[in-house]
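A.B. asks: need coordinates for the following:
(4 chains)
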Number of protein chains: 2
Amino acid sequence: MMNLDHTFAALADPTRRAILARLALGEATAGELASPFAISQPAISRHLKVLEDASLIARIRDGQHMRCRLLPEALKSANDWLAFYSRFWSESFDRLDEHLKQEGSDDE
Amino acid sequence: MMNLDHTFAALADPTRRAILARLALGEATAGELASPFAISQPAISRHLKVLEDASLIARIRDGQHMRCRLLPEALKSANDWLAFYSRFWSESFDRLDEHLKQEGSDDE
DNA sequence: ATGTTATATAACATACTCGTTAAATGATGA
DNA sequence: TCATCATTTAACGAGTATGTTATATAACAT
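C.D. replies: Alright, predicted model coming up:
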């Protein structure tokens, strides 16, 4: 239901990331989301379905239009997964990393 | 060279995420990385190539073995991309935080 | 009802992913 | 050299992804 496989796969496409960036500014209809792109409307419709299946957006019918809005939870899950690795690029880890490298090269 | 498409696509596979989790504990050879998995060793070798192409790991030959280590930069890039959206899941926390401050709570 | 607009679905082509098994490469060591 | 171990590459198949165009559905307006 909020699966990291689906989340990361959905984020792997630049069109979908651009759609999310647009939705960060506020809700938009499918047509508004499609207009900046050179690809066909059905292609955008399917991107929106991928994003919806990944729980990254919600789509609700609004009369003739389909209104889309960002859902934060899946992004938060992805962020949480990545945060586990933050020590690898944080400064305090750099010192530990340096230490481990010196220790390792002595053994060989 | 450190492309978000490749990074997120690489992270979309659970086997590859498990490999990264293992490498967070320290360097390992291709064989060591393959052993926990039910899939064939050539399959793991290709997962390692995907991770390498995404700049998520480095592989260096070490005699008969191929030693792998985590590279943090691509993970950091993905984290940075996601961080832009953090306001969408920290908003409610911020309101709670604001509320607690108004209550004069001095916990934590 | 009919036409128009907004969006989704169907059918299709192409390409990629991920697994397999078999063969090739590279390093070690008798 | 020959055998063996570690790893990659090749060849293949099944399933998935992404685009297209054509058609269907849903809501709105006349």
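A.B. asks: tell me the secondary structure at the closest residue to residue A:78 other than its chain neighbours.
C.D. replies: Leaving aside its sequence neighbours, residue A:78 sits nearest to residue A:7 (Cβ to Cβ, 6 or more residues apart in numbering or on different chains; 5.0 Å). The way it works is simple: take the backbone N, C-alpha and C, and place the C-beta from them, glycine included. Secondary structure for residue A:7, judged by DSSP: H, G, I helix; E, B strand; the rest coil, is helix.
A.B. asks: wait, doesn't residue A:7 sit right on residue A:79?
C.D. replies: No - if you go by Cβ atoms under 8 Å, residue A:7 and residue A:79 don't touch, sitting 10.0 Å apart.
A.B. asks: the two: which has the busier surroundings?
C.D. replies: For residue A:7 versus residue A:79, neighbours defined as other Cβ atoms under 10 Å in any protein chain shown are more numerous around residue A:7 (24 against 18).
A.B. asks: OK, contacts around that one?
C.D. replies: A:54-56, A:74-75, A:77-78 (Cβ atoms under 8 Å, 6 or more residues apart in numbering or on different chains).
A.B. asks: excluding chain neighbours, what is closest to the residue of chain A found nearest DNA strand C?
C.D. replies: Here chain A gets closest to DNA strand C at one residue, residue A:31, 2.2 Å apart by Cβ to the nearest atom of the strand. Excluding the flanking residues, the one nearest residue A:31 by Cβ to Cβ, 6+ apart is residue A:65, at 6.9 Å.
A.B. asks: right, and that neighbour touches residue A:29 too?
C.D. replies: Yes - in this structure, residue A:65 is within contact of residue A:29 by Cβ under 8 Å, at 4.1 Å.
A.B. asks: looking at the two, which is more packed in?
C.D. replies: Counted by other Cβ under 10 Å, residue A:65 and residue A:29 do not tie: residue A:29 has more neighbours, with 16 against 13.
A.B. asks: what residues does chain A put near DNA strand D?
C.D. replies: Residues of chain A lying close to DNA strand D (Cβ under 7 Å from any atom of the strand) are A:9, A:12-13, A:15, A:38-40, A:42-43, A:46-47, A:50, A:61, A:63-64.
A.B. asks: identify the farthest-apart pair in those.
C.D. replies: A:12 and A:63 (32.9 Å; Cβ to Cβ).
A.B. asks: so between these two, which is more surrounded?
C.D. replies: For residue A:12 versus residue A:63, the count of surrounding residues by other Cβ under 10 Å is larger for residue A:12: 19 against 7.
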